[in-house]
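Colleague: return atomic coordinates for the entry below.
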Amino acid sequence: NDVARIHTGYLLYRGALNAAARWQAEQESRISQRVRTSFHQWFASTLLHVYALTVRLRPEGTLGNDVAQEVFTHFWRDVDLGLQRIGYRNHPLVLGSKLRKMVRVYYGAVVALDDALSRGAAPGADALLADVLYCNVYVPPLAATSSC
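Modeller: Next comes the predicted model:
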């Protein structure tokens, strides 16, 4: 049963990853053919898709929580590999620091998205959700100059 849970989590994560890649490609084609997806853009859009998937799994009880954990594990494995690919492989202390920063960004985005979505149709809820999406998807989440 553990193998099935891990495999299901992997397949769902790959689906979220593919959806994020399609979304990124669409955004890039609208902006410019010269724009290339950076690691931080990949992280932001994949974070959003992983979040949506894990929210969908919440009402499924224990099995949903277990599968969501597998999705989460696969996501962070890819984050670690991505950071190594962009040059942090030979710098374990910097890699650890960068990962901790990204974990804070991830949980900050999750809390902000949960808060915005929990407001439903309340006044200002749409503006809050738009702000959260802007700050966590359209602005690179680790940008030093971000006002978000």
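Colleague: drop to CA atoms for contacts and neighbour counts, all remaining ones
Modeller: Noted.
Colleague: and residue 77, which of the three is it?
Modeller: Following DSSP: H, G, I helix; E, B strand; the rest coil, residue 77 is assigned to helix.
Colleague: make 11 the starting number, not 1.
Modeller: In the new numbering, first residue 11, that becomes residue 87.
Colleague: count of neighbours near it?
Modeller: If you count neighbours by other Cα atoms under 10 Å, residue 87 ends up with 11.
Colleague: do you know how far it is from residue 81?
Modeller: 10 Å (Cα to Cα, to the nearest Å).
Colleague: now the residue nearest the centre of the chain. Its backbone dihedrals?
Modeller: By Cα atoms, centre = their mean, the chain has its centre lying nearest to residue 57, at 0.6 Å. Main-chain dihedrals, residue 57, degrees, to the nearest 10: phi -60, psi -50.
Colleague: tell me the pLDDT of the closest residue to it other than its chain neighbours.
Modeller: Leaving aside its chain neighbours, residue 57 sits nearest to residue 116 (7.0 Å; criterion: Cα to Cα, 6 or more residues apart in numbering). With respect to pLDDT, residue 116 has a value of 91.
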